[in-house]
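A.B. asks: Predicted coordinates and the sequence they were generated for:
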Amino acid sequence: TKAFSMSCFPNDDDCQGSLSALFAQGSLISMTSRTGEVLKENNEKNPQLKIVNMHHFNDVKILKAPQSGFKLPFPATSTFEERNNRMIAAIKKREQQCMKMQISRDGQEAFLVLQQTIDKIRWDKKDIVVLDCVKIVEPYTPECVHLINADEESSVSNRRSLEYVTNCLKTKNSILERILSSSNKLIYVY
């Protein structure tokens, strides 16, 4: 990584860090910094990730140039085609996992519907785990939704999660039609 120092013109604060990424032809950069020091690989202090708008800086000094032949560990830019290919590969991987586990079409549909609004959703063998507190078992109907720990039923957030998942499964068909019509996704039957 490149170590560099910057001076900002609003109040001339200095900032030091290592370059992590470049965005939008260099107008935005992502940098990792530790307060007041040039980064060292063996430094154990917690780094801070900052997104910096280069239009707000009047001076940039390179404190330590990269070695010859240095390449960033990530691509500087990502094309639409590359992102699309990564997404297709992730979908294929998920489909292969479903085939291996012999998950029914109803299970795949339930997972797809819940995934549209909830980030924290995963498979646990043939069960769907939502927000680490709700489990959906086969045949993936609203009656098959349960809290993982029955003791936690008194928690308001867990009850709300349970109600939300149950309502999503009740309206699964209408949500699924909307998802499939907008994105032309295929559901595979195994």
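C.D. replies: Arrived safely. Numbers count the residues shown, from 1 in each chain.
A.B. asks: Would you mark the buried spots in the biggest helix by length in the chain?
C.D. replies: In terms of residue count, the longest helix belonging to the chain (DSSP state H) is helix 80-101. By neighbour count on 16 or more other Cβ atoms under 10 Å, the buried set for helix 80-101 is 95, 98. In short, each C-beta sits where N, CA and C put it, glycine included.
A.B. asks: domain parsing for the protein?
C.D. replies: 3-64, 80-183 (automatic domain parsing).
A.B. asks: And those domains, which one averages the lowest pLDDT?
C.D. replies: For the domains of the chain, mean pLDDT drops lowest on domain 3-64, to a mean of 59.
A.B. asks: What segments of the chain are helices?
C.D. replies: With helices called from DSSP H, the chain shows them at 80-101, 105-115, 156-170, 172-183.
A.B. asks: Output those helices in a markdown table; the columns should cover distance to residue 54.
C.D. replies: Formatted as a markdown table, the helices of the chain follow (distance: least, Cβ to Cβ, whole Å):
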| stretch | distance to residue 54 |
| --- | --- |
| helix 80-101 | 24 |
| helix 105-115 | 36 |
| helix 156-170 | 41 |
| helix 172-183 | 36 |
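A.B. asks: and residue 132, which of these is closest to it?
C.D. replies: Between residue 132 and the helices of the chain, the shortest gap by Cβ to Cβ is with helix 156-170, which sits at 9.4 Å.
A.B. asks: Give me the angle between the closest one and helix 105-115.
C.D. replies: With axes from the mean of the first three to the mean of the last three Cα atoms, to 10 degrees defining the directions, helix 156-170 sits at 130 degrees from helix 105-115.
A.B. asks: Quick check: buried residues in helix 156-170?
C.D. replies: For helix 156-170, burial by neighbour count (16+ other Cβ under 10 Å) applies to 158, 161-162, 164-166, 168-169.
A.B. asks: Out of the helices of the chain, flag the one nearest residue 138.
C.D. replies: helix 105-115 (6.8 Å).
A.B. asks: quick check: mean pLDDT across stretch 67-74?
C.D. replies: Averaging pLDDT along stretch 67-74 gives 69.
A.B. asks: wait, what's in contact with residue 90?
C.D. replies: Contacts for residue 90 (Cβ atoms under 8 Å, 6 or more residues apart in numbering) come out as none.
A.B. asks: Would you mind measuring from it to residue 115?
C.D. replies: Distance, residue 90 to residue 115, using Cβ to Cβ, to the nearest Å: 12 Å.
A.B. asks: just residue 70 next, same as before
C.D. replies: Note on residue 70: its distance to residue 115, by Cβ to Cβ, is 39 Å.
A.B. asks: Please apply the same query to residue 125.
C.D. replies: Using Cβ to Cβ, residue 125 is found at 18 Å from residue 115.
A.B. asks: More neighbours: those two, which one.
C.D. replies: Counted by other Cβ atoms under 10 Å, residue 125 and residue 115 do not tie: residue 115 has more neighbours, with 15 against 7.
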